[in-house]
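Participant: whatever this is, show me its structure:
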Amino acid sequence: MSKLPQITTSIFSVMSQLANDYQAINLSQGFPNFPEDNQLLEISSRLIKQNIHQYAPMAGVPSLLEKIAWQTEKKYNRKINFSSEIIITAGATQGIFTTINTFISNGDEVVILDPSYDSYEPSILVAGGKPIRVSLREDYTPDFNKIEKAITSKTKLIIINNPHNPTGKVWTKTDFEQLETILEKHPHVMLLGDEVYEYITFSQPHISFNTRPKLIDRTIIASSFGKSLHVTGWKIGYLIAPAQLMNEIKKVHQFQVFSVNSFSQHVISEYLELVDFEAISKMYQQKRNLFQELMKDSKFDLLPCEGTYFQIVNYSRISTKKDLDFAKELIQKHSVAAIPISVFYSDHTDRHMLRFCFAKTEETLYAAAEKLNKI
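Facilitator: Have a look, this model is predicted:
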């Protein structure tokens, strides 16, 4: 009997397949379509010939773990022990799955804030846990009254995605302070911070769980080089957690994947000495600004985008159709693919919203906007 009888093919796969079938411009799935940094490719070309193609150590290549610790201290002023508080994962999604299946048992409750990334609930269900879905406000800010009411004696974990996919919202200092106030009353609750877009923020800086002393001892942080370095196909992510939590995570990780692609780890380790994360953020801000400028005269209403490489739009001035139906129509009739936001809610809340990915070449954004402006 299936553990996930209600789970069907991911919406990202569905919309990307439709985009392929209709030869549409794919602004649905969150992956860049522009070239990687030449420095990264040059390192890859040189290292591919070296003897680095056997199993990596279970926790990760030591030089990469050291670089992550160095970067974390540089960025967030948090000192971490690279040998006991970091692990390399096969993408952040594997890290999230491993974390949930390490700490969640039958009957444990996990609070998820909707709209939410679609991997959270299946991971909880496989672990035997119970997802507790709590909707964000209409402006996609956290409703802390609802969050606090959702916490019970069975609550084991709260998942916070910041910067937020799919909405592009970024948590403020006040948001974190309110969360800390709530969790002071619930010392049994752990946190999973999904921070895969930590280096892609615009109007305000990203506040990481790494910078919150009141929460660090109970928080596992997931991040992604695939997102930060726009090499999503490499599937290299990592987790940061206190040693006592990481020790438990490693027990599950070693029997799930054991170790992660050795070549990619060595390349990224060397590349981290060269990469400018601020320049990457500025690059995405330019793409966001371009897409917003190109779309300003369209009938789509654009919501604020504070981080990630996703732009949320409201299409109420165009159609009253359900967002999934309108997204399919957008591909079939107008040759542009997007993701409907209702799929990120447990109750399929539909406010006539779509998510466009602007991590694309200027040529792609111009071509997509030209089609969208004609609707």
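
Participant: what about the helices in this protein?
Facilitator: Ranges of helices within the chain are 11-21, 38-47, 62-76, 92-103, 120-126, 144-150, 173-183, 225-228, 243-256, 262-271, 277-295, 323-334, 362-373, based on DSSP state H.

Participant: which of those helices sits closest to Glu138?
Facilitator: When the helices of the chain are compared by C-beta to C-beta, helix 144-150 sits nearest Glu138, at 12.7 Å. Where you see a C-beta, it was placed from the backbone N, CA and C, and this is true even at glycine.

Participant: contacts for that closest one, please.
Facilitator: For helix 144-150, the external contacting residues (C-beta atoms under 8 Å, 6 or more residues apart in numbering) are Val111, Leu113, Ile132, Val134, Ser135, Ile158, Gln178, Leu179, Ile182.

Participant: and the residues you listed, which is closest to Ser10?
Facilitator: Using C-beta to C-beta, Leu113 is the member of the contacts of helix 144-150 that sits closest to Ser10, with 19.7 Å.

Participant: surely the closest one meets Tyr140?
Facilitator: No: applying C-beta atoms under 8 Å, one finds Leu113 not in contact with Tyr140, separated by 9.4 Å.

Participant: circling back: just put the helices of the chain in TSV and tack on distance to Asn165 and mean pLDDT.
Facilitator: Formatted as TSV, those follow (distance: least, C-beta to C-beta, whole Å; pLDDT from 0 to 100):
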stretch	distance to Asn165	mean pLDDT
helix 11-21	11	89
helix 38-47	24	97
helix 62-76	20	97
helix 92-103	11	98
helix 120-126	11	97
helix 144-150	19	98
helix 173-183	17	98
helix 225-228	9	95
helix 243-256	22	98
helix 262-271	22	98
helix 277-295	14	97
helix 323-334	16	96
helix 362-373	19	97
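
Participant: need the ones you listed in a markdown table with distance to Pro205, can you?
Facilitator: Shown next, in a markdown table, are these (distance: least, C-beta to C-beta, whole Å):
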| stretch | distance to Pro205 |
| --- | --- |
| helix 11-21 | 28 |
| helix 38-47 | 25 |
| helix 62-76 | 10 |
| helix 92-103 | 21 |
| helix 120-126 | 25 |
| helix 144-150 | 21 |
| helix 173-183 | 10 |
| helix 225-228 | 15 |
| helix 243-256 | 26 |
| helix 262-271 | 23 |
| helix 277-295 | 10 |
| helix 323-334 | 31 |
| helix 362-373 | 25 |
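
Participant: ok, which of these comes nearest Glu306?
Facilitator: helix 277-295 (9.7 Å).

Participant: what residues of stretch 288-299 count as buried?
Facilitator: The neighbour-count check on stretch 288-299 (16 or more other C-beta atoms under 10 Å) flags Arg288, Leu290, Phe291, Leu294, Met295, Ser298, Lys299 as buried.

Participant: and stretch 367-375, by the same measure?
Facilitator: Result for stretch 367-375 [16+ other C-beta under 10 Å]: buried residues Ala368, Ala369, Leu372, Ile375.

Participant: what of stretch 295-312?
Facilitator: So stretch 295-312, judged by 16+ other C-beta under 10 Å, has buried residues 295, 298-300, 302, 305-312.

Participant: just the endpoints, please. Distance across it?
Facilitator: One end of stretch 295-312 to the other measures 12 Å (C-alpha to C-alpha, to the nearest Å).
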